[in-house]
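[1] got a predicted structure here, sequence first:
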Amino acid sequence: MITLRQSRERGHFDHGWLNTYHTFSFDQYYDPRYMGFRQLRVINEDFVAPGRGFPTHGHRDMEIITYVLEGALQHEDSMGNGSVIRPGDVQRMTAGTGVRHSEKNASALETVHLLQIWILPDTMDLEPGYEQKAFGEDERRGQLRLIASDDGRDGSVTVHQDVSVFASILGEGQSVKRDMDQTRYGWIQVARGEIKVNGQRAGQGDGAIAMGESSLEIVAEKPAEILLFDLA
């Protein structure tokens with residue numbers, strides 16, 4: 001069964017410097033129907049104005065993945081890491097026993113567009129950790145490229161949870177397929193464009209929820225970029 005979490009139903013706040021959409025309940029947005037999905041706790045789509053950003057703040061007991069769609073995001077944290085995250089980069093931060101970090105638009109001219117994803121870890125009080133890897137457009141185009149997993153296989157970043165995260169860039173009419181264990185769950189986040197998932201249309205910002213499916217066929221109705229979560 002495929003059901004949609006429609007983009008227009010997400011929480012939305014425009015703070016001037018930050019235009020943000022919340023797929024699940026987050027901060028000032030609360031929807032008891034969407035507190036998360038399986039181990040997925042947060043999918044925020046953020047547009048950050050030039051030169052602005054999130055001041056230093058803390059997290060704990062969460063696996064945080066940042067995926068930049070356009071622009072560049074500057075990151076600093078209490079573990080001593082400093083980096084710039086660009087399209088194709090995947091950053092994983094294990095908050096564990098506690099970490100403080102800040103994010104800022106690295107450009108004084110261009111908006112940065114990103115997805116920030118929180119996944120509940122399988123173990124509490126982990127040692128904080130950080131990882132960042134680049135996945136070129138060619139690696140993601142026309143195929144499902146594994147970008148995060150519980151064992152770091154195929155060069156993916158390692159998250160402390162039974163989840164596999166794939167990214168794909170599809171031209172109009174292109175398709176990808178993922179065989180699924182029917183006891184597992186799928187979430188397809190449409191970052192850009194328009195797709196069909198097993199015949200169900202989903203547009204930009206939509207989430208397609210898959211339950212009891214033996215396979216997922218994703219066809220781009222328009223050029224698209226997606227993330228696919230395979231969840232326990």
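    Perfect, thanks for sending it.

[2] test my guess that Gln189 contacts Leu115.
    Yes: the pair Gln189 / Leu115 is scored as a contact, 7.1 Å apart, by Cβ atoms under 8 Å. In short, each C-beta sits where N, CA and C put it, glycine included.

[3] which of those two has more neighbours?
    With neighbours defined as other Cβ atoms under 10 Å, Gln189 and Leu115 compare such that Gln189 has more, 24 against 19.

[4] picking up where we left off before, what touches both of Gln189 and Leu115?
    43, 227 (Cβ atoms under 8 Å, 6 or more residues apart in numbering).

[5] and the strand ranked longest in the chain, what's buried?
    Identified as the longest strand of the chain according to DSSP state E is strand 215-231. For strand 215-231, the buried set under the neighbour-count rule, 16 or more other Cβ atoms under 10 Å, comprises 216, 218-220, 224-231.

[6] tell me the two of the residues you listed that are most distant?
    The span of the buried residues of strand 215-231, defined through Cβ to Cβ, is set by Ala220 and Leu231 at 22.9 Å.

[7] and His57, what is it in contact with?
    His57 sits in contact with 100-102, where contact means Cβ under 8 Å, 6+ apart.

[8] beta partners for it?
    Beta-bridge pairing of His57 under DSSP bridges involves His101.

[9] try Asp14
    With DSSP bridges as the criterion, Asp14 is bridged to Asn19.

[10] give me the residue ranges of this structure where confidence is low.
    Within the chain, the set of residues satisfying pLDDT under 70 is empty.

[11] tell me where it has helices.
    Under the criterion DSSP state H, the chain carries helices at the ranges 137-140.

[12] partner residues bridging the closest residue to Asp154 other than its chain neighbours?
    Nearest residue to Asp154 in three dimensions, chain neighbours excluded: Leu146, at 4.8 Å (Cβ to Cβ, 6 or more residues apart in numbering). Per DSSP bridges, the residues bridged to Leu146 are Phe166.

[13] next up, the contacts around Leu146.
    Counted by Cβ under 8 Å, 6+ apart, Leu146 has contacts 153-156, 164-166.

[14] for those, could you give me CSV that also reports distance to His75 and neighbour count?
    Below are the contacts of Leu146 laid out as CSV (distance: Cβ to Cβ, whole Å; neighbours: other Cβ atoms under 10 Å):
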residue, distance to His75, neighbour count
Arg153, 25, 10
Asp154, 24, 10
Gly155, 21, 13
Ser156, 19, 22
Ser164, 24, 23
Val165, 19, 27
Phe166, 23, 21
